[in-house]
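sequence isn't available, so here's the structure alone:
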């Protein structure tokens, strides 16, 4: 097992969310290709009745970005035992249109070079999914009551991962920064 692949497996075990299952699905998606960078991002959500877990794994290889999403499904009337679904997607690096990285810094005047932001959001776009935000269109005439249709924006929304130092710790934000740096460099090399 290669170094980065071994480190990825170790990170899956540290995340503690079905590490053997996630490791197997990622291994199938890798198809023997080398791991050059990765990000393991566990999320837990709470609603009024249940705790749900979700795991996102981003894996960079020399030629592709692999995404794995794993979700809990609680037992219900139709399914007497809990289950999980694991989905992978493989995106050739040449198809990645955008790598957006948003750094949230609470006191920018006191920021020092190399300091870890309080929050980091990584938004990746390759054209598979788009988000459309619409609102009623208007005109400059305040007395006008005509229907001017709709106006809006269409933006890529293929994958978004948000990591918070407050929720996941500074090490998780640093890991997200390291992955963003490696992915940005890989995509720039493919332009």
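Structure received. These numbers were taken from a predicted model, which means no experiment stands behind them.

wait, residue 15 touches residue 55, no?
Yes. At 6.2 Å, residue 15 and residue 55 qualify as touching, with contact defined as CB atoms under 8 Å. The C-beta positions use only the backbone N, C-alpha and C, and glycine is treated the same way.

okay, and the common contacts of these two?
Any residue near both residue 15 and residue 55 by CB atoms under 8 Å, 6 or more residues apart in numbering counts here, and that gives 22, 40, 42.

span of stretch 112-122 from start to end?
The first residue of stretch 112-122 is 21 Å away from its last residue (CA to CA, to the nearest Å).

and stretch 96-108, by the same measure?
Looking at stretch 96-108, the gap from its leading to its trailing residue is 30 Å under the measure CA to CA.

just the buried residues of it, please?
By 16 or more other CB atoms under 10 Å, the buried positions in stretch 96-108 come out as 96, 99, 101, 103.

got the contact list for that stretch?
For stretch 96-108, the external contacting residues (CB under 8 Å, 6+ apart) are 65, 111, 115, 117-127, 156, 180, 183-184, 187, 190.

also stretch 184-191?
Contact partners of stretch 184-191, identified using CB under 8 Å, 6+ apart, comprise 36-37, 60, 62, 93-94, 96, 99, 101.

closest to residue 175 out of the residues you listed?
Using CB to CB, residue 37 is the member of these that sits closest to residue 175, with 9.7 Å.

just the strands in this protein please.
Per DSSP state E, the chain has strands spanning 37-46, 51-60, 64-73, 83-92, 98-104, 119-125, 130-136, 150-156, 159-164. These are given in chain order.

mind checking the longest helix of the protein?
In the chain, taking DSSP state H as the definition, the longest helix is helix 170-190.

by how many degrees do that helix and strand 119-125 diverge?
Orientation check (axes from the mean of the first three to the mean of the last three CA atoms, to 10 degrees): helix 170-190 against strand 119-125 gives 30 degrees.
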